[in-house]
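K.L.:
Pasted the sequence and its predicted model underneath.
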Amino acid sequence: MTDLTTTYLGLKLKNPLVASASPFPKKLDNIRRMEAAGLSAIVLHSLFEEQITFESNELDHFLSAGTESFAEALTYFPDLQHYNMGPEPYLELIRKARESVEIPIIASLNGISTGGWVEYARKIEQAGASALELNMYYLSTDPNLSGAELEEEYVRLVRDVRAKVRIPLAVKLSPFFTALPQMARRLVSAGANGLVLFNRFYQPDLDLDALAVAPHLKLSTSDDMLLPLRWIAVLYGRVKADFALSSGVHTGQDLIKAMMAGASVAMTTSSLLQNGLEHAGRILKEAEQWMAEHEYKSIQQMRGSMSQKAVTEPAAFERANYMKALQSYDDHMPN
């Protein structure tokens, strides 16, 4: 019998398919349905730093920086009294979810500064969350802020949260670091147990009729998993952390690829939004069938088998891949 069990953040999971942060878990009934569909753990939708700071009537300087020059900056944020749910209802959802399902419930905090955010990490732990995902979504637009300063802020935040809580910590990163492997090691040294690759930055569009900047949401496809797949393959065995591949997991083969690269779990949301929660079961069934056909007995057997350290051509994950891809394109060009 095929063994799909895996371990992520010290949590024993029945399979490696995890629900990433999404609107689904806002309703307790959906959390129950997600467990019934086969998902092994659920990352709740994020509690945003702006919601916490709104409650105390003060916004962090990272949020308010530049508002003296751009007066509309704060007015662009949604009405936080009606946006998502406030901190206290979020904590109550954690409590109810833990009572309703047996699979782990992973809370999510989205922000970049310490202060009240760190305090809510402790409240999340007290509410019963199995683990905490720190979703570091900060887009640097200040030309006076250096990359080194911002990276230090990330590390300090992880260190401060680690000092306050004992539950496992995962850090959800963007791919926009000059030296990602070194940054990954620094975050692990600061107290992160796992790294989630990657956060998808939703790019704004321009509304030419309203002459306004418009938010734009585009669901992922399987092609979107190639970037995190590459970096997990590079980092596996070099950084002592559990890896979660997030972005582009839609099929059983996507799940298999994530495991072979070195991920402990693969996270999905877009596939569930497009196909319904029951699609999780189809992904798992397809992965299990593939493993049986190719004589893999367990997830552990295949994990990291196609990481950079394991493949015969490690350069395929580096510049050589770029050169080879261009050559293959040239081969298809008409003479």
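P.N.:
Looks like it arrived, so ask away.
K.L.:
Run through the bridge partners of residue 6.
P.N.:
With DSSP bridges applied, residue 6 shows beta-bridge pairing to residue 13.
K.L.:
quick one, what contacts it?
P.N.:
13, 15, 16, 40, 264, 265, 299, 300, 303 (C-beta atoms under 8 Å, 6 or more residues apart in numbering). Glycine gets a C-beta too; all of them are placed from N, C-alpha and C.
K.L.:
try residue 134
P.N.:
Residue 134 makes contact with 108, 109, 157, 158, 161, 169, 170, 171, 172, 192, according to C-beta under 8 Å, 6+ apart.
K.L.:
quick one: secondary structure of the last one?
P.N.:
Spelled out, that is residue 192. When classified by DSSP: H, G, I helix; E, B strand; the rest coil, residue 192 comes out as coil.
K.L.:
Go ahead and confirm it touches residue 168.
P.N.:
No. Look at residue 192 against residue 168 with C-beta atoms under 8 Å: they stay out of range, at 9.0 Å.
K.L.:
Please say which of those two ends up with more neighbours.
P.N.:
A count of neighbours by other C-beta atoms under 10 Å puts residue 192 above the other of residue 192 and residue 168, at 26 against 21.
K.L.:
and which of the contacts of residue 134 is nearest to residue 139?
P.N.:
Set against residue 139, the nearest of the contacts of residue 134 by C-beta to C-beta is residue 172 (14.4 Å).
K.L.:
What is the burial count for the residue nearest to residue 261 when sequence neighbours are not counted?
P.N.:
Spatial nearest neighbour of residue 261, chain neighbours left out: residue 233 (4.1 Å); criterion: C-beta to C-beta, 6 or more residues apart in numbering. A count of neighbours around residue 233, defined by other C-beta under 10 Å, yields 26.
K.L.:
For residue 233, give me phi and psi.
P.N.:
Backbone torsions of residue 233, given as degrees, to the nearest 10, read phi -60, psi -40.
K.L.:
mind listing what it touches?
P.N.:
Residue 233 makes contact with 261, 262, 306, 307, 308, 317, according to C-beta under 8 Å, 6+ apart.
K.L.:
From residue 176, how far out is residue 206?
P.N.:
For residue 206, the distance to residue 176 equals 22 Å [C-beta to C-beta, to the nearest Å].
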